[in-house]
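Visitor: show me how the following folds:
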Amino acid sequence: MTLLPCVEIEPQEQPANASVILLHGIGADGHDFEPLVPHLKLPRDARVRFVFPHAPVRPVTVNGGMQMPSWYDILEMQIDRKVDTGELRASAEAVRKLIDRECERGIPSERIIVAGFSQGGAVAIELALTHPQPLAGLVVLSSYFATTEDIEPSGSNDRLPVLVCHGSADPIVPHVLGERAARLLEQRGHPVDYHSFPMEHAVCPQEIEVLSQWLSERLRGDG
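Guide: As a prediction, the model looks like this:
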């Protein structure tokens, strides 16, 4: 099967027993979050493989049709974004193949976390809630729930724990969208940890500390 190209970082000392698949935002690529890994300072027994896929290059309407790495087209930038949900779901299916590959490599689905920043977070929500096998968790960074109106959850992740983080001064994805995503996920029965940070559309040290603790709690040891 054809897989998305990825940046992969293996644990230093022993073979991986867990995986985090993290999707970048629009205009970036899989290298964007590569420098994050050493700052997470995960415990030694959290032997995590990090997988950072590269999004396909496609024209983005709100950027004048410019070609750039993007998980889907954004058609309008009003508060309730108008996006190409067909492309979003196609991206979710492409990333799903990476989950399947992790399972083939010997990582149980219950030891796999799906994460995403901005556009990547919207894809991660769609992917995690519709995945047919139980996952370890979902991380949504500076993002929004784009497919809330017509998502069809599989049922396997109805109680999936979720971490939602957002910047209170985000000019790209207003913080109200992060709050809304957290609320909608809670209404669906998910245990949600929501954190707001005094930052724009970015990642800050305090957020990294929260992410490190959250990942450690779910991926420590053999599960």
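Visitor: contacts for the longest helix belonging to the chain?
Guide: Assignment by DSSP state H gives helix 85-104 as the longest helix of the chain. Where contact means Cβ atoms under 8 Å, 6 or more residues apart in numbering, the residues beyond helix 85-104 that reach it are 1-4, 6, 19, 21, 23, 49, 51, 53, 55-56, 58, 71-73, 109, 112, 114, 122-124, 126-127, 130-131, 133, 135, 146-147, 150. Quick note: C-beta positions are derived from backbone N, CA and C, even for glycine.
Visitor: doesn't Asp158 belong to a helix?
Guide: No. Assigned with DSSP: H, G, I helix; E, B strand; the rest coil, Asp158 falls outside any helix and is coil.
Visitor: low-confidence ranges, the protein, go.
Guide: Filtered on pLDDT under 70, the chain yields the residue ranges 1, 79, 221-223.
Visitor: strands along the protein, start to end?
Guide: Using DSSP state E, the strands of the chain run over 6-9, 18-23, 48-53, 57-60, 66-69, 74-76, 82-83, 112-117, 137-141, 162-167, 192-197.
Visitor: for the second one, which strands pair with it and how are they oriented?
Guide: Read that as strand 18-23. Listed by DSSP bridges, the sheet partners of strand 18-23 and their directions read strand 48-53 (parallel), strand 112-117 (parallel).
Visitor: what inclination does that strand have with respect to strand 137-141?
Guide: 30 degrees (axes from the mean of the first three to the mean of the last three Cα atoms, to 10 degrees).
Visitor: which residues are in contact with strand 18-23?
Guide: By Cβ under 8 Å, 6+ apart, the surrounding residues in contact with strand 18-23 are 33, 36, 46-53, 55, 71, 95, 98-99, 102, 107, 111-117, 119-121, 123-124, 136, 139, 215, 219, 223.
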